[in-house]
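[1] generate coordinates for the sequence data below:
(2 chains, ligands or ions: 2)
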Amino acid sequence: MNFRQFAYRNVTRNKRTYVAYFLSSMFTVMVFFSFLLFAFHPTFETINSSVRTGLLTSGGIIYVFSFFYILYSMSTFLQSRKREFGLLMMLGASNTQIKAMVFIENLLIGTFSTMFGISLGLLFAKTILLVAENVLIIDERLHFYVPFEAIIITLISFLALFVIISLFVAFVLRTSRLVALIKSDQTPKKEPKASIFLSVLAGLLLAIGYGIALTVKGVAVVMALIPVVVIVMIGTYFFFTQLSVFIVRFLKRRDYIFYKRTNIILFSDLSFRLKDNARTFFMVAMISTVAFSAIGTLFGLHSYLTDGVIEINPYSISYKMDSDDQPEIMAEEVNYIHSQLKSMGVEATSETIDVAFVDMNEGYIVPVLKESDYNKAAKLIGEPIIDVGEGETIINDQTVAMISDGPKASETLMTFLIDLEGDHTLTPAKVIQTNVFSSMNGSYVINDADYVKLPKTSMNRTSKQVYWMTEELSRDEIVELGEALEEIPPYRVSMIDYTVFQIERGYGPALFVGLFIGLIFFVSAGSFLYFRVFTDVDKEKEKFTMVTKLGLKETELKKIITQQLAILFFSPIIVALIHGGVALTALSHFFDYNLINESALVLGGFTVIQLLYFVLARHFYIKQVKRIL
Amino acid sequence: MLKVNKVSKVYEGKVSYRALSDIDLTVEKGEFVAIMGPSGSGKTTLLNLISTNDTPTTGKIMLNDQQPHTLSKNQLATFRRTELGFVFQDFNLLHTLTVEENMVLPLTLEGIKVKVMKEKARQIAEKLGIDSIMSKRVYEISGGQAQRVAIARAMIHQPSLLLADEPTGNLDSKASKDVMHLLTKLNKEEKTSLLMVTHDAQAASYSDRVIFIRDGQLESEIHRGDNRQTFFQKIIDMLSLMGGETSELSSIRLS
Ligand SMILES: Nc1ncnc2c1ncn2[C@@H]1O[C@H](COP(=O)(O)OP(=O)(O)OP(=O)(O)O)[C@@H](O)[C@H]1O
Ligand SMILES: [Mg+2]
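    Ligands and ions are numbered 1, 2, ... in the order given. Next up is the predicted model:
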């Protein structure tokens, strides 16, 4: 048996040790392939090329990420086998032979995982395309196709990746120290110590970082971004390497906690494992936070755009004609809209109102509505009607979406008096805030009798506006109606559902790619923890065999494992969730827009994925430990 | 106290293997019994059956009028940590705990008060001469000390039966002797029954009675009598009769 055969047999016979590494590599290949499968879909050749460029760029990012992910998986994998290498060297294997073995092994695993990853990707291709179709809002169906390009690119890029990583790893493998490693596994380390100073610093840095992130508003968010990120990153690093160890040691010193039944076993090596895994935890927390922020931004931007439009457009369709000097065109177009609705069989009610644009103060133009018109429109969208007395006005403030920095419109409008013909003036009585009529400068509502007395001289222009409320429309109806309305110039007519539809269609690819990458981050964060937890399983088995011989109940065994895994799994997750929560809050301050729903969705999705990982890890862990008992 | 009644063990597998057949054995309260026999004769198997780590294929094992193999898994765990104590060849201590923490492990699992626990640990450590290393970690102590810690752990909850599988297997002759002295002392003072598997004739000579097993069957037994030297000689003779490693053994003089 030559050495190549030996390496080959080492992989094929020793399946269990290799499975974790193999699966994570395969998963990475599968993700990359699925992404390409979608990016190379023929449909996108016909749609604009910027979408495709975006997709391919994202593909590049995923590839770079895959590189580090696989490099990382490989190094943990090799870490867990140090002892084996040491043993081989004791038996007389040379450095070169071990490096050759590692190289061949990795190549073997790489080749198989590439092939299996692609096959699995093909298997799920239809599902992936179906999901993409729904998120993307494309008119065409994404039919199944034979993705030659995707297959070839994945194959080449990952084979290259594995060759490079294998060479790299084989090259940097420090075999000289390996002999010592046989022993290093048996002679336990000193209990890790935590520096009080650094532990306090960790808490302090996190508190400061959070404090800044939560208090800055508006544009300052951008300015604070980099310092906060740096502060929080350092804080997080010391949190995992120092503070967590410090807390465990603190708890261990409390006799009533430490000597309480199974706690002694739980705590016995917790500080070791926390310290050993500190870097992984740090990385997981940071990756997840980045993913939160990225997805949050995308989601936030999306909701910000669509919700804003929806808020200032409460009516299904609105039509406006300025300076009613073209009454024939208006009559024709309004009729056209009515007939379209009728021919499509859509139930709709409509109202027509007059709006006078009055120049209040050297170009400060404010729309004025008469009471009856306002109430007609208000009834249409179910807002309360109002009553304006003669000689007074009611100010309708900007809607929330329109509020920007600076004074509210109503504050300015309160200072004006509206002049009528003759010597009369109208004084503001009160302020309301409805979306019956939206205007940047706010608007006035006045009594019908006063409306006719508005002087022509102060009038900038007048306009007639028609509002429709329709029943709930299906997506097809929205598209049909929206396209029909494109006959009319877009500055005169707007159909809110169709506008939102167009925004979503334009935004779809970005959102999809963002979610896709975010999902990869979430899943890889989970995998990191999963593999990390399992690298120690052999030592754990030894420990549990020992304790079981002394008499450990199965329930106690399960309890210890559950607590231990929960601490290892959720400490980075909880940190990530808190980071993410803070990041998203800062983001909502930046947009000046409430991101509660989006945040809940993103953070909730993440939590669900990690919970799933935890349940899986716990299940397999307990199964493995129980097998030896 | 301990009654082993017509116990057999068959390991099922591709070829099922009869490791023990029809073993009868009684250990009285406070008695110290050693089990000897060639490698592969079934000593560890017998000990595993008694320690409830394994179940007999046929036969009955009674300990203090209880039949541990009829207990549920949870009851068994409690039974082990109250009625039995174990000493292993490789000590079986947790590396991540200190000496003291290792010692009190069985008590902790039972939920004993911290104060009581520490007091007991102190007493037994004094008796075994390990009170100066209580706060050391396991890797900082010698093999002989480690075995004493293991004995302390096995004794701390005052079990009715102490089981030891080659407790001196990893120790040099000086450390072996210390450990054997301790075990006999505990056996006499605490009236703990002791069942020990060993290859070492010298260790066996500390017992009250040696039982020889061969090919899974009881071969014979020798009682101690008054003189340890003659007991030792009888054990060696018996071993050579059974085809043990006589050439090595005959050269050993009892010191
Ligand atoms: N789990 C098992 N499955 C199958 N056969 C086993 C198992 N454990 C032990 N045996 C077999 O039973 C026989 C007795 O083994 P045991 O371990 O009891 O021997 P021993 O007397 O303790 O030997 P040693 O002195 O070398 O420790 C051996 O032949 C062994 O191969
Ligand atoms: Mg044995």
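
[2] near chain B, which residues of chain A show up?
    A:187-188, A:190-191, A:255-256, A:259-265, A:268-269, A:272, A:543, A:546-556 (Cβ under 8 Å from any Cβ of the partner chain). All C-beta atoms are positioned from the backbone trio N, CA, C, and that covers glycine.

[3] would you map the strands across the stretch 51-200 of chain B?
    With strands called from DSSP state E, counting those that start in this stretch, the stretch 51-200 of chain B shows them at B:58-63, B:84-87, B:161-165, B:193-197.

[4] so for ligand 1, which of these sits nearest?
    Ligand 1 sits nearest to strand B:193-197 of all the strands of the stretch 51-200 of chain B, at 6.7 Å, using Cβ to the nearest ligand atom.

[5] quick one: the closest one near chain A?
    No - if you take Cβ under 8 Å from any Cβ as the test, strand B:193-197 misses chain A, and the best it gets is 14.9 Å.

[6] okay, now residue 100: neighbour count?
    In the absence of a named chain, chain A is used. As a burial measure, A:Ala100 scores 17 neighbours (other Cβ atoms under 10 Å in any protein chain shown).

[7] wrong chain, I was asking about chain B
    Here the count is done by other Cβ under 10 Å, and B:Glu100 has 21 residues near it.

[8] can you check A:Gln465 too?
    Neighbour count of A:Gln465, defined by other Cβ under 10 Å: 21.

[9] pretty sure it is touching A:Lys320, no?
    Yes - between A:Gln465 and A:Lys320 there is a contact at 4.3 Å, judged by Cβ atoms under 8 Å.

[10] list residues touching both of the two?
    A:Val355 (Cβ atoms under 8 Å, 6 or more residues apart in numbering or on different chains).

[11] and stretch A:535-549, C-alpha only, in CSV?
    Extracted in CSV, the C-alpha atoms of stretch A:535-549 (Å, rounded to 0.1, in the frame of the first residue of the first chain):
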residue,chain,number,x,y,z
THR,A,535,-15.0,19.0,17.5
ASP,A,536,-14.9,18.4,21.2
VAL,A,537,-17.3,15.5,21.2
ASP,A,538,-14.7,12.8,21.8
LYS,A,539,-13.4,14.4,24.9
GLU,A,540,-16.9,14.9,26.1
LYS,A,541,-17.6,11.2,25.5
GLU,A,542,-14.7,10.3,27.7
LYS,A,543,-15.9,12.6,30.4
PHE,A,544,-19.4,11.2,30.3
THR,A,545,-18.3,7.6,30.4
MET,A,546,-16.3,8.4,33.5
VAL,A,547,-19.2,10.1,35.3
THR,A,548,-21.7,7.5,34.1
LYS,A,549,-19.7,4.8,35.8
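
[12] roughly how far does the residue most central in space within chain B sit from B:Lys3?
    The centroid of chain B falls nearest to B:Ala164 when counting by Cα atoms, centre = their mean (1.5 Å). Separation of B:Ala164 from B:Lys3 (Cβ to Cβ, to the nearest Å): 19 Å.

[13] also A:Ile312?
    For A:Ile312 relative to B:Lys3 (Cβ to Cβ), the value is 91 Å.

[14] and what of B:Lys234?
    Separation of B:Lys234 from B:Lys3 (Cβ to Cβ): 26 Å.

[15] and A:Val334, by the same measure?
    Distance, A:Val334 to B:Lys3, using Cβ to Cβ: 105 Å.

[16] the more surrounded of these two?
    A:Val334 (20 against 15).

[17] if I pick the more buried one, what's in contact with it?
    A:Tyr319, A:Val466.

[18] so the one residue sitting closest to the centre of chain A, which state does it fall into?
    Taking Cα atoms, centre = their mean, the centroid of chain A lies closest to A:Ile295, which sits 2.2 Å from it. With DSSP: H, G, I helix; E, B strand; the rest coil as the basis, A:Ile295 sits in helix.

[19] kindly report the same for the one 5 residues further on.
    With three-state DSSP as the basis, the three-state label of A:Gly300 is helix.

[20] run a quick neighbour tally on it.
    Neighbours of A:Gly300 (other Cβ under 10 Å): 22.

[21] ok, and the closest non-adjacent residue to it?
    Once flanking residues are discounted, A:Gly300 sits nearest to A:Leu595: 5.0 Å by Cβ to Cβ, 6 or more residues apart in numbering or on different chains.

[22] repeat for A:Ala39
    Once flanking residues are discounted, A:Ala39 sits nearest to A:Leu55: 3.8 Å by Cβ to Cβ, 6+ apart.

[23] now do the SS call for that neighbour.
    helix.

[24] just the one 3 residues further on next, same as before
    Here A:Ser58 is helix, with the state taken from three-state DSSP.

[25] number of nearby residues for the nearest residue to it once chain neighbours are set aside?
    Excluding its sequence neighbours, the residue lying closest to A:Ser58 (Cβ to Cβ, 6+ apart) is A:Val513, at 4.7 Å. A:Val513 has 24 neighbours, counted by other Cβ under 10 Å.

[26] any idea how far A:Val290 is from A:Val513?
    Using Cβ to Cβ, one gets 15 Å for the distance from A:Val513 to A:Val290.

[27] which SS class is the residue lying closest to A:Ile312 once chain neighbours are set aside?
    Among residues not flanking A:Ile312 along the chain, A:Ser438 sits closest, at 4.2 Å (Cβ to Cβ, 6+ apart). Classification of A:Ser438 using three-state DSSP returns coil.

[28] coming back round to it: so how far is A:Thr306 from the residue nearest to A:Ser58?
    Going from A:Val513 to A:Thr306 by Cβ to Cβ gives 18 Å.

[29] same deal with A:Lys559?
    Going from A:Lys559 to A:Thr306 by Cβ to Cβ gives 48 Å.

[30] what about the longest helix in the chain?
    This is for chain A. Secondary structure of chain A read by DSSP state H shows that its longest helix is helix A:496-535.

[31] I was thinking of chain B, sorry if that wasn't clear
    The residue-count maximum for a helix in chain B (DSSP H) belongs to helix B:173-190.
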